[in-house]
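S.K.: give me coordinates for this.
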Amino acid sequence: MGHERGRKATVPESSMSDEKFSDPIEARRKAMDYLARREHGRAELLAKLEKAGFDRDAGEDAVAGLIEDGLQSDQRFVEAFIQSRFNQGKGPVRIRAELKDRRLAGGMIEQALADAGQDWYALARQVRQRKFGAGRPADFNDKAKQMRFLQYRGFEPDHIQAAVSADND
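M.R.: Here you go, the predicted model:
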């Protein structure tokens, strides 16, 4: 009766679990799983590791190693993020705000937007045309509606004005 089957007598299960979440190697493994799916910013990756239960120190060590090995790069993340949002029809204002929410440096964001070489005017026209058709807005209310939509999508005022004023055949 005093014999318990299948239980480890040496290390309680809870302390094994605690060790895992304080181990930078385990944290690195988990971070690499996240990076295998898509690029992540440094702060975003740390937050995900903490949410998964890893200690802050273990997460910091893991991410620092990934940066050193070139497996995590905020610059690469920003570039991929801009391209992804551009492909979704989002403008630079919205992209900038989303990147700042992810705690990335403003200078890096501005430089990446400038280097992206995207034609925001053409994108604004395409987005407007997909939503509202090729013709110009019929009246003031229609034009205001289209302008609000493009503003919501994150386009700058000059992009919006050009998109609602142009003939889009």
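S.K.: so where's this structure shaky on pLDDT?
M.R.: Along the chain, segments meeting pLDDT under 70 span 1-18, 167-169.
S.K.: so which strand or helix has the residue nearest to the spatial centre of the chain?
M.R.: Nearest residue to the geometric centre of the chain (C-alpha atoms, centre = their mean): residue 81, 5.7 Å. Here residue 81 sits within helix 74-87, counting by DSSP states H and E.
S.K.: where do the helices sit along this protein?
M.R.: Here the chain has its helices, by DSSP state H, at 13-21, 24-37, 42-51, 56-68, 74-87, 92-101, 106-115, 120-132, 140-153, 157-165.
S.K.: which helices and strands does the second one pack with?
M.R.: It refers to helix 24-37. Judged by 3 or more C-beta pairs under 8 Å, 6 or more residues apart in numbering; DSSP states H and E, helix 24-37 is in contact with helix 42-51, helix 56-68. The way it works is simple: take the backbone N, C-alpha and C, and place the C-beta from them, glycine included.
S.K.: next, the buried residues of the longest one.
M.R.: Residues of helix 56-68 classed as buried: 58-63, 65-66 (neighbour count, 16 or more other C-beta atoms under 10 Å).
S.K.: run the chain-centre distance for it.
M.R.: The chain centre lies 19 Å from the centre of helix 56-68; the measure is C-alpha atoms, centre = their mean, to the nearest Å.
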